[in-house]
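Q: Mind looking at a prediction? Sequence and model below.
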Amino acid sequence: MIAELIGAGKEYKTGDQTIVALQPTTWQVNEGELTLIIGPSGSGKTTLLSLLGCVIYPSYGDLWVDGRHINELNENQLARLRLETIGFVFQGFNLLAPLSAEDNVELPLKLLGVGSKERRQRVKKALEIVGMTDRRKNLPKALSGGQQQRIAIARALVTEPKLILCDEPTASLDKDSLVVVMQELKILAQKGKAVVVVTHDPRLRQYADRAIEVKNGMVTPIELNDVQ
Ligand SMILES: Nc1ncnc2c1ncn2[C@@H]1O[C@H](COP(=O)(O)OP(=O)(O)OP(=O)(O)O)[C@@H](O)[C@H]1O
């Protein structure tokens, strides 16, 4: 198990209003699995992903990621944990426009203080895994959406994170790119990573090992066949 919520939930206070974004939830994320998070807009999916990503603290309950009790860590410790343990892939790719593909992939390693020789080796390997070696010198704008997402996946995996969190990773992609990106994420799960994907797209169920549904802030496990 890489992450565990024990009665963990989140509420937001805006003015005198309190919004329960995620009700108390007990749930585990396992290595070697690709898990889908589905559910209607505003139901709490991103909130759940943000908790797993150690981007926000739970308002109640306990959150454990990679054996660390998140409730007890300060912001700096969380930032370090994110950098070392978690890879993020977003719908909008979030690549830095002035940097080449390979410089984007290299960035997290620089932030971690990895030496230049090892950085080069790891960037090379990550680009090979996503099949983007020949486009490594390109700026993001010279790449298709699918290619940019593959670079974003290389950036997410270059630090060898145990947990890869994806927020609508295929939403901006055509059908062929969707297949390539999901096959890559599936292979990462088969190699032992925990991969969690928030999606509205029922086509992704064929790549998943399990699924949960979030509705009105409530998390319920569901059968993959019922993903729609
Ligand atoms: N920072 C915030 N401050 C106040 N309310 C918030 C905040 N973030 C989320 N919420 C509220 O919490 C609820 C859950 O939001 P969340 O973004 O987790 O839903 P979602 O399922 O990811 O939605 P979508 O599919 O539209 O992205 C919503 O009612 C949202 O308005």
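A: In hand now; what should we look at? Owing to the predicted nature of the structure, the values given are computational and were not obtained by experimental measurement.
Q: Quickly list what the most centrally placed residue in the chain is bridged to.
A: Per CA atoms, centre = their mean, the C-alpha nearest to the average position across the chain is that of L165, at 1.2 Å. Beta-bridge partners for L165, by DSSP bridges, are F88, V196.
Q: what residues does the helix ranked longest in the chain touch?
A: Longest helix of the chain, by residue count under DSSP state H: helix 175-190. For helix 175-190, the external contacting residues (CB atoms under 8 Å, 6 or more residues apart in numbering) are 32-34, 89, 129-131, 144-147, 149-150, 153, 157, 164, 166, 169-170, 173, 195, 197, 201, 203-204, 207, 209. Every residue, glycine included, has its C-beta placed from N, CA and C.
Q: Just those: which are in strands?
A: Counting by DSSP state E, the contacts of helix 175-190 place L34, V89, I164, C166, V195, V197 in strands.
Q: just the residues you listed now: which is nearest R122?
A: I164 (15.8 Å; CB to CB).
Q: Surely that closest one and L157 touch.
A: Yes: the pair formed by I164 and L157 meets the contact definition of CB atoms under 8 Å, at 6.9 Å.
Q: tell me, what's touching those two both at once?
A: G87, L188, K193.
Q: which two from the ones in strands among the contacts of helix 175-190 end up farthest apart in space?
A: Every pair of these checked by CB to CB; the farthest is L34 and V89, at 12.4 Å.
Q: What parts of the chain come near the ligand?
A: Residues of the chain found near the ligand, taking CB under 6 Å from any ligand atom as the criterion, are Y12, T14, I19, A21, G39, S41, G42, S43, G44, K45, T46, T47.
Q: Over to the second one: give its phi and psi.
A: As for T14, its main-chain torsions (degrees, to the nearest 10) stand at phi -130, psi 110.
Q: Neighbours of it, how many?
A: 7 (other CB atoms under 10 Å).
Q: what about stretch 11-22, start to end distance?
A: Its first and final residues considered, stretch 11-22 spans 7 Å by CA to CA, to the nearest Å.
Q: How about stretch 93-106?
A: Using CA to CA, the two ends of stretch 93-106 sit 15 Å apart.
Q: average pLDDT for that stretch?
A: When pLDDT is averaged over stretch 93-106, the result is 94.
Q: same check, this time on stretch 176-185
A: 88.
Q: Kindly report the same for stretch 152-171.
A: Averaging pLDDT along stretch 152-171 gives 92.
Q: What is the distance between that stretch and the centre of its chain?
A: 5 Å (CA atoms, centre = their mean, to the nearest Å).
Q: Could you do stretch 81-93 as well?
A: 5 Å.
Q: go on, stretch 105-122?
A: The answer for stretch 105-122 is 20 Å, by CA atoms, centre = their mean.
Q: buried stuff in that stretch?
A: V105, E106, L107, P108, L109, V114, R119, R122 (16 or more other CB atoms under 10 Å).
Q: quick one, what contacts the first one?
A: It refers to V105. V123, A126, L127, I151, A154, R155, V158.
Q: tell me, how many neighbours does the closest residue to K141 other than its chain neighbours end up with?
A: Spatial nearest neighbour of K141, excluding adjacent residues (CB to CB, 6 or more residues apart in numbering): A97 at 6.6 Å. Using other CB under 10 Å, the number of residues around A97 comes to 8.
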